[in-house]
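**Q** A predicted structure for the sequence below; I have some questions about it.
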Amino acid sequence: MKILKDKLLGKGRSKINNDRLQTIQIMTLTASTILSVRLLMISQELAVIAKQDAWISVFLGGLLASFIGLLIYFMYRLYPGKDLPEVFIEIGGNFFGRIMLIPLMIYVLSLPGITVRIFAELMKIFLLDRTPDIAVIIFIVLVVCSVVKRDIYSIAGLIDILFPIMIVMLMSIILLSIQQVDMSRIKPILFRNTDNVLKGVLPGYSVYIGYAVISYILRYSIEQKGTLKWYLVGLGIPVLLTTVITFVTMAAFGPLTTEKMMYPVASLAKSIEFPVTLLERLEVLIIVAWISVVFTSVVMYCFMSVRNFTVMFGIQPKHQKYVAYAHIPMLVIISLASSNVLETIRFQKYIEQLEMTAAFGFTPILFIVTLIKKRKVLRKWKKY
């Protein structure tokens with residue numbers, strides 16, 4: 001128990017781990033940020049658009065997110081020792097750089113608040129039906145901020161423990177749901193439906209928006225050589241899992257039933273039946289295990305938000321923990337701002353549109369400006 005406690009609190013690490021992230025941790029941090037509460041809902045949204053071919057849309061969306069993620073990765077290789085908010089300051093200067101930071105701060109701060117609210121509602125539906133939302137929200141926010149107040153190395157150590165649980169849980173849902181799969185529900189594939197599949201690519205892309213976490217964690221990596229490989233693995237795991245889960249959901253329920261569900265993946269877990277009485281409430285175990293998925297993504301987004309505020313206001317790194325404390329009331333207010341979860345989901349879609357505008361409009365411009373300013377550094381890339 002003491003070893004586990006030390007791991008959770010970030011104690012007992014070697015000196016090298018305390019100074020830099022291991023390259024493999026780039027993978028766990030990336031995948032953990034991408035795998036979020038959006039995975040519970042994306043099947044419903046894509047079933048409305050792409051029908052039985054929703055799984056193709058979510059796969060293509062993953063390829064698009066991976067491509068933009070690679071652009072961001074190579075761009076930040078040209079800014080060693082800096083993360084996204086610091087790069088904004090370097091490019092735009094102290095004044096315009098901070099102006100550029102404002103929409104980023106709003107966007108990143110909103111994501112964990114929205115995620116906590118949706119997950120609290122999910123917990124209320126499937127597990128804590130008599131517990132007020134505010135109690136669940138405050139508890140989650142307090143735990144998240146208590147982790148974020150430390151440092152990225154403590155966060156990475158915690159995710160090292162939770163990541164295998166996440167993968168095992170998601171794989172269990174897939175394997176236990178195979179018995180419900182009916183291939184006729186996803187046929188015909190791409191029959192007079194190509195246009196709808198393409199329309200679903202952007203919504204499918206939105207489930208992977210955590211790929212941009214590399215712009216915050218690359219600076220902490222122990223070395224540059226192996227980071228690209230592990231970053232690609234960190235992108236590939238969520239793309240593969242999301243595609244397969246969407247495929248199984250479509251094949252288990254069919255598009256017409258799926259589009260009427262708010263949380264199709266949770267319903268998929270709930271529909272798994274066992275003759276053994278102990279496992280009759282399997283969906284409760286699945287929801288409890290899902291806490292690790294939501295928790296890690298919220299922790300990472302909160303860390304990113306803390307970094308934005310720290311750079312925006314020129315706060316010294318040693319005082320960063322107070323920025324984490326300041327996030328407690330902000331996240332609670334954002335989580336409770338909507339009167340119901342449907343309004344929260346609509347607000348989430350507005351935030352996703354902001355992210356897509358930045359990804360497809362601002363990121364290419366930033367990439368080109370970086371190439372112009374860092375031409376000399378480009379010659380060193382062949383070393384890696």
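**A** Yes, it's here.
**Q** Quick check: residue 304 vs residue 253, distance?
**A** 34 Å (C-beta to C-beta, to the nearest Å). Using the backbone N, CA and C atoms, a C-beta is placed for each residue, glycine as well.
**Q** cool, residue 302 as well?
**A** Look at residue 302 and residue 253: by C-beta to C-beta, they are 34 Å apart.
**Q** Which of these two has more residues huddled nearby?
**A** A count of neighbours by other C-beta atoms under 10 Å puts residue 302 above the other of residue 302 and residue 253, at 28 against 23.
**Q** Could I get the contacting residues of the more buried one?
**A** 112, 144, 145, 148, 324, 327, 331 (C-beta atoms under 8 Å, 6 or more residues apart in numbering).
**Q** Mind putting the residues you listed into JSON lines with neighbour count and secondary structure?
**A** As requested, the contacts of residue 302 are arranged in JSON lines below (neighbours: other C-beta atoms under 10 Å; DSSP: H, G, I helix; E, B strand; the rest coil):
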{"residue": "112", "neighbour count": "30", "secondary structure": "helix"}
{"residue": "144", "neighbour count": "25", "secondary structure": "helix"}
{"residue": "145", "neighbour count": "23", "secondary structure": "helix"}
{"residue": "148", "neighbour count": "28", "secondary structure": "helix"}
{"residue": "324", "neighbour count": "21", "secondary structure": "helix"}
{"residue": "327", "neighbour count": "23", "secondary structure": "helix"}
{"residue": "331", "neighbour count": "29", "secondary structure": "helix"}
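**Q** Isn't residue 147 up against residue 158?
**A** Yes. In terms of C-beta atoms under 8 Å, residue 147 counts as a neighbour of residue 158; the distance is 6.3 Å.
**Q** Which residues are in contact with each of these two?
**A** Between them, residue 147 and residue 158 share the contacting residues residue 299, judged by C-beta under 8 Å, 6+ apart.
**Q** how about the contacts of residue 302, which pair is most distant?
**A** The largest separation in those, counting by C-beta to C-beta, is between 112 and 324 at 11.7 Å.
**Q** Let me know the helix or strand that the spatially closest residue to residue 28 that is not a sequence neighbour is in.
**A** With C-beta to C-beta, 6 or more residues apart in numbering as the measure, residue 163 is the residue that lies nearest to residue 28, at 4.6 Å, once sequence neighbours are left out. Assigning secondary structure by DSSP states H and E places residue 163 in helix 152-177.
**Q** Which of the residues in that helix are classified as buried?
**A** By neighbour count, and taking 16 or more other C-beta atoms under 10 Å as the criterion, the buried residues in helix 152-177 are 152-160, 162-163, 166-167, 169-170, 172-174, 176-177.
**Q** Could you count how many residues lie near residue 117?
**A** Here the neighbour count serves as a burial measure; for residue 117 (other C-beta under 10 Å) it reads 29.
**Q** Average pLDDT for the helix or strand where it lies, rounded please.
**A** Per DSSP H and E: residue 117 is located in helix 84-126. Along helix 84-126, the predicted local confidence has a mean pLDDT of 89.
**Q** isn't residue 39 right next to residue 242, touching?
**A** Yes. Here residue 39 lies in contact with residue 242, judged by C-beta under 8 Å, at a distance of 6.0 Å.
**Q** if we can go back for a sec, same for the helix holding residue 117, what does it pack against?
**A** Counting contacts by 3 or more C-beta pairs under 8 Å, 6 or more residues apart in numbering; DSSP states H and E, helix 84-126 packs against helix 133-148, helix 214-217, helix 264-270, helix 282-312, helix 320-336, helix 341-357, helix 363-373.
**Q** now for the last one, which elements pack on it?
**A** Okay, so that is helix 363-373. Using 3+ C-beta pairs under 8 Å, 6+ apart as the contact criterion, the elements in contact with helix 363-373 are helix 54-77, helix 84-126.
**Q** quick one: average confidence on it?
**A** If you average the pLDDT values across helix 363-373, you get 79.
**Q** Kindly report the same for the fifth one.
**A** The predicted model assigns helix 320-336 a mean pLDDT of 94.
**Q** Residues touching it, excluding its own?
**A** Helix 320-336 is contacted by residues 109-110, 112-114, 116-117, 120, 133-134, 137-138, 141-142, 144-145, 148-150, 302, 305-306, 309-310, 315 when judged by C-beta under 8 Å, 6+ apart.
**Q** List buried residues within those residues.
**A** Taking 16+ other C-beta under 10 Å as the criterion, what is buried in those is 109-110, 112-114, 116-117, 120, 133, 137-138, 141, 144-145, 148-150, 302, 305-306, 309-310.
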